[in-house]
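Engineer: From the sequence below, what's the structure:
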Amino acid sequence: MRHVAFTTLLAFLLAAAATARAADRPPNVIIVFCDDMGYADIGPFGSKKIHGYTTPHLDRMAEEGMTFTDFYVGRSFCTPSRAALLTGCIPTRVGIGGNFGPHSTTGLHPDEMTIADLLKQKNYATGCFGKWHLGHKEKFLPPNQGFDEYFGIPYSNDMWPFHPGVRHLPMEQRIKRWPHLPLYEGTKIINPQVMPKDQVGLTTKLTERAVQFINKNKDKPFFIYLPNPQPHVPLFVSDKFKDKTKGGLFGDVINEIDWQVGQLIAALKKHNIDEHTLLVFTSDNGPWMSYGEHAGSAKPLREGKGTNFEGGFRVPCVMRWPGKIPAGKVCKEVAGTIDLLPTIARHSGAPLPKKKIDGKDITALMFAEMNAKSPHEVFYHYDGGNRLMALRSGKWKLMFAQGYRSMPEGRVAKNGIPVKYDRGNIPLSLFNLETDIGETTNVADQYPEVVTKLQKYAAAMRKELGDGNKNVGTERRPIGR
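Structural biologist: Residues are numbered from 1 along each chain as shown. Below you'll find the model as predicted:
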């Protein structure tokens, strides 16, 4: 009995010592950044009602943390959205417009400070596991952008010879359009030809690598950036999750991502660093609606990926930091991925980048401080051509006249083969997102003073960051070449 008591006491003292060591250092940070996950694709935002499946780990994460209902990404597709998160900047500020691909020779400029660069100033261990998509030339890869470790793919998992648009062609013709997708370890290619069987196990492998990173760095501050390649099409799921949900293949994929979150939290608890870790779960943009059953949902928002409507830019977000972020809270203030860098800087003690950023410290929102309001007077939305297309201020959203792609009700893609979008056009439009979350009613004629006010903000931003690729403004920085 004395031996049992001694063992119990020793375990308690070791746990207490680990907790004390963690409390004496800056907090750990984990960002899980899904690909093409829509607003309604996880439990806290309605997946059971819309898709028929649940996400128990994310539900628990929301119960123990905070959901953000009005959380925005930097652009409604992959590359610029990642640039915004990692640099705290509107993508146009760092020169990034559209997506990079296997034939690109550009990338995120190495002179830009990423969250990983920022945290290296405070001796954090930094790891990136997943889809990078900020340039695949060596100078642009994660190990040259502040990360100690990198394991993953350099761009989207559909940029390969098995893309639906080229599968009907002979392989030699496919390769001209989409060369083989490589898998990287650091700056080295460890698998030059990722095949479907490799993608089946990729989510699990990324999870295992992240957990290994936690195990290895449990006694020092660490930053994990986990940009999931899923649920971007083509969808792949491991055998242990296949056919396990009522949501079809898409639901199975989300279920595995939910398991991933559970594994991360379990690893944190195992090492008694759970209360010293900020965990952020969000997505890079809305759903790719042309893929129908293999895509998610942005309901009740309008449209999805690739548009300037809420369904493209507004994404689900859950944050958890036991003892810091109060449990079970909902934040309805405007915030976004650009705010993560300055917020992390505050809590790590790392100095902010010397170059101008657009993000703001959202600690007051995260900690549910009394009467906390969004630090953003205006939130700007540029498109892939670096044109200012929309802006939000409080409950108001102004969209400039533009064309857009639209997926009509009832047109649903099957088996991962996309259907065509319709094309639509809207005039200069003002929406009250407080009463019209679906952007159905243009009230510009009713509130001309609001339109005028927002147009003045737009004019000032156009002077700063330009409007299009010919008018670059005074503060747009160069892309990496």
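Engineer: What's the first helix or strand after the host helix or strand of residue 316?
Structural biologist: In the assignment (DSSP states H and E), residue 316 maps to strand 314-320. Next helix or strand after strand 314-320 toward the C-terminus (DSSP H and E): strand 329-331.
Engineer: what's that next one packed up against?
Structural biologist: strand 66-72 (3 or more Cβ pairs under 8 Å, 6 or more residues apart in numbering; DSSP states H and E). C-beta coordinates here come from the backbone N, C-alpha and C atoms, glycine included.
Engineer: Could you list the low-confidence segments of this structure?
Structural biologist: Within the chain, the ranges that satisfy pLDDT under 70 run 1-23.
Engineer: Show me how it divides into domains.
Structural biologist: Following automatic domain parsing, one finds the domains of the chain at 25-376, 381-465.
Engineer: Tell me the span between the first and last residue of the last one.
Structural biologist: If I follow you right, that is domain 381-465. Domain 381-465 has an end-to-end distance of 12 Å (Cα to Cα, to the nearest Å).
Engineer: now swap in the first one and tell me
Structural biologist: End-to-end span of domain 25-376 (Cα to Cα): 30 Å.
Engineer: hmm, back to that, of all the domains of the chain, which one comes closest to residue 471?
Structural biologist: domain 381-465 (7.3 Å; Cβ to Cβ).
Engineer: what's the offset of that closest one from the middle of its chain?
Structural biologist: 21 Å (Cα atoms, centre = their mean, to the nearest Å).
Engineer: List just the one of the domains of the chain that sits closest to residue 478.
Structural biologist: domain 25-376 (5.2 Å).
Engineer: Return the distance of the closest one from the chain's centre.
Structural biologist: From the chain centre to the centre of domain 25-376 is a distance of 4 Å (Cα atoms, centre = their mean).
Engineer: Please enumerate the helices of the stretch 351-481 of the chain.
Structural biologist: 363-366, 448-465 (DSSP state H, counting those that start in this stretch).
Engineer: Pick the most deeply packed of those.
Structural biologist: Mean neighbour count (mean count of other Cβ atoms under 10 Å) peaks for helix 363-366 among these, with a mean of 21.
Engineer: What is that helix packed up against?
Structural biologist: With contacts defined as 3+ Cβ pairs under 8 Å, 6+ apart, the packing partners of helix 363-366 are helix 340-348.
Engineer: what comes up buried for the helix it packs on?
Structural biologist: The neighbour-count check on helix 340-348 (16 or more other Cβ atoms under 10 Å) flags 340-345, 347-348 as buried.
Engineer: same question, stretch 439-446
Structural biologist: For stretch 439-446, by 16+ other Cβ under 10 Å, it's 439, 444.
Engineer: How about residues contacting that stretch?
Structural biologist: Residues outside stretch 439-446 that contact it (Cβ atoms under 8 Å, 6 or more residues apart in numbering) are 301-302, 309-310, 397-399, 426-433, 451.
Engineer: Just the buried ones among the residues you listed, please.
Structural biologist: Buried among the contacts of stretch 439-446 (16+ other Cβ under 10 Å): 301-302, 309-310, 397-399, 429-433, 451.
Engineer: tally of neighbours for residue 105?
Structural biologist: Neighbourhood size, residue 105 [other Cβ atoms under 10 Å]: 11.
Engineer: What of residue 164?
Structural biologist: When neighbours are counted by other Cβ under 10 Å, residue 164 registers 16.
Engineer: ok, now which ones touch it?
Structural biologist: The contact partners of residue 164, taken as Cβ under 8 Å, 6+ apart, are 158, 233-234, 416-418.
Engineer: Any of those buried? List them.
Structural biologist: The buried subset of these - by 16+ other Cβ under 10 Å - is 158, 233-234, 416, 418.
Engineer: Tabulate the residues you listed (a markdown table), appending distance to residue 192.
Structural biologist: Output for the buried ones among the contacts of residue 164, formatted as a markdown table (distance: Cβ to Cβ, whole Å):
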| residue | distance to residue 192 |
| --- | --- |
| 158 | 18 |
| 233 | 22 |
| 234 | 19 |
| 416 | 24 |
| 418 | 27 |
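Engineer: nearest to residue 321, of those residues?
Structural biologist: residue 233 (32.6 Å).
Engineer: Give me the three-state assignment for the closest one.
Structural biologist: coil (DSSP: H, G, I helix; E, B strand; the rest coil).
Engineer: measure it to residue 158 for me?
Structural biologist: Distance, residue 233 to residue 158, using Cβ to Cβ, to the nearest Å: 6 Å.
Engineer: So for residue 293, which of the helices of the stretch 351-481 of the chain sits nearest?
Structural biologist: Among the helices of the stretch 351-481 of the chain, the nearest to residue 293 by Cβ to Cβ is helix 363-366 (35.6 Å).
Engineer: For that closest one, which outside residues touch it?
Structural biologist: Applying Cβ under 8 Å, 6+ apart, the contact partners of helix 363-366 are 66, 68, 319, 321, 324-325, 331, 333, 335, 343, 346-347, 369, 372-375.
Engineer: CA-only coordinates of that helix, as PDB, when you get a sec.
Structural biologist: The C-alpha coordinates for helix 363-366 follow below in PDB (Å, rounded to 0.1, in the frame of the first residue of the first chain):
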ATOM      1  CA  THR A 363      -8.100  39.000 -27.000                       C
ATOM      2  CA  ALA A 364     -11.000  40.900 -25.600                       C
ATOM      3  CA  LEU A 365     -13.400  39.000 -27.800                       C
ATOM      4  CA  MET A 366     -11.800  35.600 -27.100                       C
END
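Engineer: thinking again about what came up before, if burial is judged by neighbour count, which of the contacts of helix 363-366 pass?
Structural biologist: 66, 68, 319, 321, 324-325, 331, 333, 335, 343, 347, 374-375.
Engineer: Reformat these as TSV; add distance to residue 477.
Structural biologist: What follows is the buried ones among the contacts of helix 363-366, written out as TSV (distance: Cβ to Cβ, whole Å):
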residue	distance to residue 477
66	33
68	28
319	29
321	32
324	33
325	33
331	31
333	29
335	24
343	22
347	26
374	25
375	23
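Engineer: which residues touch the spatially closest residue to residue 403 that is not a sequence neighbour?
Structural biologist: Distance criterion Cβ to Cβ, 6 or more residues apart in numbering; nearest residue to residue 403, sequence neighbours excluded, is residue 425 at 5.0 Å. Going by Cβ under 8 Å, 6+ apart, residue 425 touches 401-404.
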